[in-house]
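Student: Sequence and computational prediction follow.
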Amino acid sequence: TATLFHEEGGVPIVSAFGEIDLFSAREFDALLAQAIWQAGKTRGVVVDLRGVEFMDVAGLRVLIKARTALRVTGGQLAVVCGPPTRRLFEAAGAVESFGLYPDLRVAVEGCSKPKLALIPDPPQGEKRPLMTLERAGRRQRVR
C-alpha cells in the first residue's frame, strides 16, 4: 500500500493505493491521524480510496476510528471510493454512517464548511450552560 498526504482548498486529503489490510492498516492509521491533527477543530478530512484495489475490515476499522475522532470536534470524514471499496462499505452496512462521495471535488467542498461541535462539560462544581457549542473557534452558549 502506498499512501499520500496533501491538501486541497485547505482540506487535508489522504490518498491510498493498492491494498489496505492488516499489515498496511497501521501506516494508513498514522497518516490519517496526522491529517486529523492538521485539520484543526471544526474541519474535515478527505480520504481518497479510488486507487485501492482491496480493503479488509482492518482498513474499515481505521476509518471508523478517524470518523469518531473528527465527530468529537465537529469535523467530518469524507470518503471517496471506487467499486472495490464501496462493496466493503455495503457488505458492512456502513454506507449510511459514512460520508461516501464519488468525486474528490464534492468531498473537499463538503469538508470545507464549518460544523458545530459539542464541547465537553466543565469540571464538577462549576456553573455551566445546558450546552456549549463551538463554531469556527468561538464558543457559544445555548440554554
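Tutor: The structure has been received and is ready for your questions. In this text the structure is predicted, and so the values were computed from the model without any measurement.
Student: From here on, just use CA atoms for contacts and neighbour counts.
Tutor: Fine.
Student: for this protein, what spans make up the strands?
Tutor: With DSSP state E as the criterion, the chain has strands at 2-8, 11-20, 45-55, 77-80, 99-101, 116-118, 131-135, 138-142.
Student: By mean pLDDT, show me the worst of those.
Tutor: Note on those: strand 131-135 shows the lowest mean pLDDT, a mean of 44.
Student: From the centroid of the protein, which residue is nearest?
Tutor: In the chain, the residue lying closest to the centroid (Cα atoms, centre = their mean) is Leu77, at 2.4 Å.
Student: ok, now how distant is it from Gly40?
Tutor: 13 Å (Cα to Cα, to the nearest Å).
Student: what does Glu109 give?
Tutor: Taking Cα to Cα, one finds Glu109 at 16 Å from Gly40.
Student: now do Arg105
Tutor: Taken as Cα to Cα, the span from Arg105 to Gly40 is 20 Å.
Student: Tell me which residues touch the closest residue to Val57 other than its chain neighbours, please.
Tutor: Once flanking residues are discounted, Val57 sits nearest to Asp21: 7.4 Å by Cα to Cα, 6 or more residues apart in numbering. By Cα atoms under 8 Å, 6 or more residues apart in numbering, Asp21 lies in contact with 54-59.
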